[in-house]
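Visitor: Take a look and give me a structure for this.
(4 chains)
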2 protein chains.
Amino acid sequence: MPEPKVELRESPGRNLIEPKPVGLAGTNLLFLREEEIRMAQDLLFFAYRDFTNAADVILDELGLGRAHHRALHFIGRNPGITVSDLLGILRITKQSLARVLSVLMEQGYVAQAPGRADRRQRLLSLTSAGQALERRLFERQKERLSAAYREAGAAAVDGFRRVMRAIMDDTARAYIDNTEPANRVPRGRPA
Amino acid sequence: MPEPKVELRESPGRNLIEPKPVGLAGTNLLFLREEEIRMAQDLLFFAYRDFTNAADVILDELGLGRAHHRALHFIGRNPGITVSDLLGILRITKQSLARVLSVLMEQGYVAQAPGRADRRQRLLSLTSAGQALERRLFERQKERLSAAYREAGAAAVDGFRRVMRAIMDDTARAYIDNTEPANRVPRGRPA
DNA sequence: CCGAATATGTCAATATGACTGACATAAATG
DNA sequence: CATTTATGTCAGTCATATTGACATATTCGG
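Guide: Model prediction:
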């Protein structure tokens, strides 16, 4: 019985707990707004869960975890990134990153080079093996994401991006905006 | 302690690693498609990170973790849910859930009742303390999410929902579709 | 040039949340 | 009655994160 059953067979207390949409317009709107937000919580949980799952088979084969994947992703996307910038993106402690990075370097996926301007820095980049691995992981997630994009359509994708960007905090927004491709379609807001 | 810096001060290897959008139309489109997907990876990471962060302060005060929050959320949303249905939603093992649930029950946030139709089942629901706690946690995430919805606009929210729904797997989609408000009819269970 | 600040690395100890696999009990079901 | 199901539990392990202290090399301001 491998398939997890998600459908609920009975939910006796449901109607006792949820505020019923009564005739009063204000109350009903409030209810809908709250339900909208709770739905967003569900969406974020499930979408993120299945998005991250997509690469797990490959990671398991190699004895790596999601933390390694995240590091590979952001180093691959920002070749020559400093350790402290990577820490700022991942929002984990130096020690947590150190363990992940040391594995990736030992296994030849990530290389360090001293910064030319500031020789204290260790600029991180993917080796060709690291690029290859990151690509394998990427392809798995791409399958799921591009299928979703195809299914939802271009207009929905634009809305998706806007909402996701608005959920994250300012520093992450700044990162996202700087990482966009140069030939991007202009956003709704003024620069 | 300075603000974590996310902006990248130098990225020497960037242009060496990213495939350049050459004149060839096909290659350029391929590049854009790939960049679109990598952007989606970024969006999911940052949005999920900051969405989950929102409730952490309260959880820390109480010595609870995100696993407890997830359980509270899905029990609150599905009062009377069975243990196995909750396991199917969270996709964790019985043992992982057991530890979380036993804490929540010891601390009076969650109650069990034997199923009426099937007395093997332990139907889970929030106590009033559990409802109160879930609401506190909810309000924090609501601040962030409703601000994002407001900023992005109704059309974007619709697109967001479509894409998120398309990212998740079939069982999660079925759950989402059954949980939608208003057009929710009594669950298809034969009494 | 010197002292302070910065970038990075490292140590030890700890916490959380997840896992596997085995086993136990009660109840439903054919 | 035998089997299956729903749930609980035990023991051990792993992955990922944390804090806080300390070390080294380098940069930078006065």
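
Visitor: residues in chain A within reach of DNA strand C, list them.
Guide: For chain A, the residues in contact with DNA strand C (CB under 7 Å from any atom of the strand) are A:82-85, A:94-95, A:98, A:101-102, A:112, A:115, A:118, A:120-122. Using the backbone N, CA and C atoms, a C-beta is placed for each residue, glycine as well.

Visitor: one more time with 6 Å
Guide: Contacts of chain A with DNA strand C, taken as CB under 6 Å from any atom of the strand, map to A:Thr82, A:Val83, A:Ser84, A:Lys94, A:Gln95, A:Ala98, A:Ser102, A:Gln112, A:Arg120, A:Gln121, A:Arg122.

Visitor: distance of the fifth one from DNA strand D?
Guide: It refers to A:Gln95. 4 Å (CB to the nearest atom of the strand, to the nearest Å).

Visitor: Is A:Leu124 within a helix or a strand, and which one?
Guide: Element membership for A:Leu124, per DSSP states H and E: strand A:122-126.

Visitor: now check that strand, is it near chain B?
Guide: Yes - Strand A:122-126 comes into contact with chain B (CB under 8 Å from any CB of the partner chain), by way of A:Leu123, A:Ser125, A:Leu126.

Visitor: Out of those residues, which is nearest to A:Arg49?
Guide: A:Leu126 (26.4 Å; CB to CB).

Visitor: Count the neighbours of the closest one for me.
Guide: A:Leu126 has 24 neighbours, counted by other CB atoms under 10 Å in any protein chain shown.

Visitor: What residues does it make contact with?
Guide: The contact partners of A:Leu126, taken as CB atoms under 8 Å, 6 or more residues apart in numbering or on different chains, are A:Leu72, A:Ile75, A:Gly76, A:Pro79, A:Tyr109, A:Val110, A:Ala111, A:Glu134, B:Ile17.

Visitor: picking that back up, CSV please, covering the residues of strand A:122-126 next to chain B and showing pLDDT and distance to A:Ala152.
Guide: Below are these laid out as CSV (pLDDT from 0 to 100; distance: CB to CB, whole Å):
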residue, pLDDT, distance to A:Ala152
A:Leu123, 97, 38
A:Ser125, 97, 34
A:Leu126, 98, 31
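
Visitor: if we take those, which one ends up nearest to B:Arg162?
Guide: Among the residues of strand A:122-126 next to chain B, and counting by CB to CB, the member closest to B:Arg162 is A:Leu126, at 33.4 Å.

Visitor: Okay, the closest one and A:Ile81: tell me how far apart.
Guide: With the distance defined as CB to CB, to the nearest Å, A:Leu126 ends up 11 Å from A:Ile81.

Visitor: Identify the contacts common to the two.
Guide: With CB under 8 Å, 6+ apart as the test, A:Leu126 and A:Ile81 both reach A:Ile75.

Visitor: Relative to DNA strand D, which residue of chain A is the closest?
Guide: Proximity of chain A to DNA strand D (CB to the nearest atom of the strand) peaks at A:Gly65, 1.5 Å away.

Visitor: Number of residues surrounding that residue?
Guide: Residues near A:Gly65, counting by other CB under 10 Å: 13.

Visitor: re the thing from before, between the residues of strand A:122-126 next to chain B, which is nearest A:Ala55?
Guide: Nearest member of the residues of strand A:122-126 next to chain B to A:Ala55, counting by CB to CB, is A:Leu126, at 15.7 Å.

Visitor: Just give the number of residues close to the residue nearest to A:Ile81 when sequence neighbours are not counted.
Guide: Distances taken as CB to CB, 6 or more residues apart in numbering or on different chains put A:Leu124 closest to A:Ile81, at 5.4 Å, once the chain neighbours are dropped. By other CB under 10 Å, 26 other residues sit near A:Leu124.

Visitor: A:Leu124 contacts A:Leu87, correct?
Guide: No - judged on CB atoms under 8 Å, A:Leu124 makes no contact with A:Leu87 at a distance of 11.0 Å.

Visitor: what kind of secondary structure is A:Gly108 in?
Guide: Of the three states, A:Gly108 takes coil under DSSP: H, G, I helix; E, B strand; the rest coil.

Visitor: give me every residue that touches the residue nearest to the spatial centre of chain A.
Guide: Closest residue to the average C-alpha location of chain A: A:Tyr48 at 7.0 Å, with CA atoms, centre = their mean. With contact set as CB under 8 Å, 6+ apart, A:Tyr48 has these partners: B:Leu44, B:Tyr48.

Visitor: in stretch A:56-67, what's buried?
Guide: Going by neighbour count (16 or more other CB atoms under 10 Å in any protein chain shown), the buried part of stretch A:56-67 is A:Leu59, A:Leu64, A:Ala67.

Visitor: These in helices, which ones?
Guide: A:Leu59, A:Ala67 (DSSP state H).

Visitor: Now the buried residues of stretch A:56-67 in JSON lines, please, with extra columns for distance to A:Ile176 and pLDDT.
Guide: JSON lines is the format used below for these (distance: CB to CB, whole Å; pLDDT from 0 to 100):
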{"residue": "A:Leu59", "distance to A:Ile176": "25", "pLDDT": "95"}
{"residue": "A:Leu64", "distance to A:Ile176": "26", "pLDDT": "96"}
{"residue": "A:Ala67", "distance to A:Ile176": "21", "pLDDT": "97"}
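
Visitor: Could you find the closest non-adjacent residue to A:Lys94?
Guide: Here the residue nearest A:Lys94, using CB to CB, 6+ apart, is A:Leu87, at 6.3 Å.
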